[in-house]
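**Student:** missing the sequence, but the structure's below:
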């Protein structure tokens with residue numbers, strides 16, 4: 001028996017060394033993350049938080065996604081790999097802003113994929129024109145593995161720099177709302193495209209919902225030698241209020257500080273027209289948020305802050321109030 005117990009202890013030690021995340025519990029302060037997305041899975045009693053994660057292979061680096069899980073939004077386990085970009089995919093580079101949505105009993109990963117291939121000459125003083133698209137992958141489980149549809153093609157238009165796709169279903173029709181990158185168009189756009197019922201591909205042509213400069217709070221930044229004003233659109237997420245209003249939270253910059261604003265559809269439908277609310281949801285150098293309900297029914301907002309590179313970004317969870325007309329920040333949840 002002593003030898004058996006010793007063997008079990010050695011095996012556990014080896015397993016912990018190989019997978020450090022299994023040997024310790026993490027808090028949000030331990031996890032560097034941008035664009036956090038949290039999906040409650042009630043049947044498992046767990047919250048899944050998805051994060052970008054690079055995959056190293058012999059022939060180079062590929063994009064990937066990892067997940068952390070928590071029963072209480074305070075103590076987290078992970079990360080566990082849930083997705084690796086297929087080697088034969090249209091784009092195979094870094095993944096940004098992974099989102100996982102439950103739809104018709106399955107799970108769908110919306111991933112912004114990047115490459116370092118410049119597909120046209122950049123404007124002077126602007127970042128390079130890299131391939132950047134949102135593509136949807138699918139799985140039977142929130143823990144993956146997520147796989148590509150047979151066409152292995154992006155769901156945003158070829159030849160455009162697009163990012164941050166999210167899902168919205170209206171009257172049984174699925175749509176993707178995404179951002180058209182300011183790098184390409186100066187005044188970043190929020191766009192909409194219908195999807196096939198199984199989310200396998202887009203249907204028809206995308207339409208523009210609004211530009212970033214439509215919000216008075218989005219003050220922009222000059223770029224290039226001529227001082228062209230540029231306006232960012234990031235992190236779109238839609239929410240229906242208790243009074244039936246359709247809101248979209250999204251991020252841009254107010255006087256140099258990353259912030260979360262609110263747009264409202266005048267018709268209550270995804271095609272809009274959209275008008276921008278004056279009051280911001282958050283404006284203290286954090287953003288790219290999404291909304292979920294915790295297991296106690298509280299409405300929550302999660303986003304990263306500060307909006308600074310170098311490993312300082314962390315997920316922050318706030319309880320918010322649905323007033324029927326808008327959303328109001330209440331308090332940060334205990335970490």
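**Tutor:** It's in. Since the model is a prediction, treat every value here as computed from it, not as a measurement. Numbering: from 1, shown residues only.

**Student:** Quickly find the element holding the spatially most central residue of the chain.
**Tutor:** For the chain, the residue nearest the mean C-alpha position is residue 97 (3.4 Å; CA atoms, centre = their mean). Applying DSSP states H and E as the criterion places residue 97 in strand 95-103.

**Student:** Just after that strand, pick out the following helix or strand.
**Tutor:** As assigned by DSSP H and E, the chain's next helix or strand after strand 95-103 is strand 106-120.

**Student:** who does that next one touch, helix- and strand-wise?
**Tutor:** Applying 3 or more CB pairs under 8 Å, 6 or more residues apart in numbering; DSSP states H and E, we find strand 106-120 packed against strand 77-84, strand 95-103, strand 129-139, strand 162-170. Bear in mind the C-beta positions are built from the backbone N, C-alpha and C, glycine included.

**Student:** would you list those strands in JSON lines and tack on distance to residue 188 and mean pLDDT?
**Tutor:** Shown next, in JSON lines, are those (distance: least, CB to CB, whole Å; pLDDT from 0 to 100):
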{"stretch": "strand 77-84", "distance to residue 188": "26", "mean pLDDT": "97"}
{"stretch": "strand 95-103", "distance to residue 188": "14", "mean pLDDT": "98"}
{"stretch": "strand 129-139", "distance to residue 188": "13", "mean pLDDT": "96"}
{"stretch": "strand 162-170", "distance to residue 188": "10", "mean pLDDT": "98"}
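
**Student:** of all those strands, which lies closest to residue 37?
**Tutor:** strand 95-103 (4.7 Å; CB to CB).

**Student:** Contacts for that closest one, please.
**Tutor:** Under the criterion CB atoms under 8 Å, 6 or more residues apart in numbering, residues 34-35, 37, 39, 48, 50-53, 63-65, 83, 85, 107-114, 142, 146, 163-167, 169, 174, 199, 235, 288, 290 lie in contact with strand 95-103.

**Student:** filter the residues you listed to the buried ones?
**Tutor:** Among these, those classed as buried by neighbour count (16 or more other CB atoms under 10 Å) are 34-35, 37, 39, 48, 50-53, 63-65, 83, 85, 107-114, 142, 146, 163-167, 174, 199, 235, 288, 290.

**Student:** before we move on, the earlier item: could you dump the helices and strands packed on strand 106-120 into a markdown table with distance to residue 207 added?
**Tutor:** What follows is those, written out as a markdown table (distance: least, CB to CB, whole Å):
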| stretch | distance to residue 207 |
| --- | --- |
| strand 77-84 | 29 |
| strand 95-103 | 21 |
| strand 129-139 | 16 |
| strand 162-170 | 14 |
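
**Student:** what's the closest of the ones you listed to residue 263?
**Tutor:** Closest among these, using CB to CB: strand 162-170, at 12.9 Å.

**Student:** Next, the angle strand 106-120 makes with that closest one.
**Tutor:** 150 degrees (axes from the mean of the first three to the mean of the last three CA atoms, to 10 degrees).

**Student:** what helices or strands is strand 162-170 leaning on?
**Tutor:** On the basis of 3+ CB pairs under 8 Å, 6+ apart, strand 162-170 makes packing contacts with strand 95-103, strand 106-120, strand 129-139, strand 173-180, strand 234-240.

**Student:** Could you tell me which residues within the shortest one count as buried?
**Tutor:** This means strand 234-240. For strand 234-240, burial by neighbour count (16+ other CB under 10 Å) applies to 234-239.

**Student:** Of these, which is the nearest to residue 29?
**Tutor:** Using CB to CB, the buried residues of strand 234-240 come closest to residue 29 at residue 235, 21.9 Å.

**Student:** Do you know the pLDDT at the closest one?
**Tutor:** Per-residue pLDDT puts residue 235 at 98.
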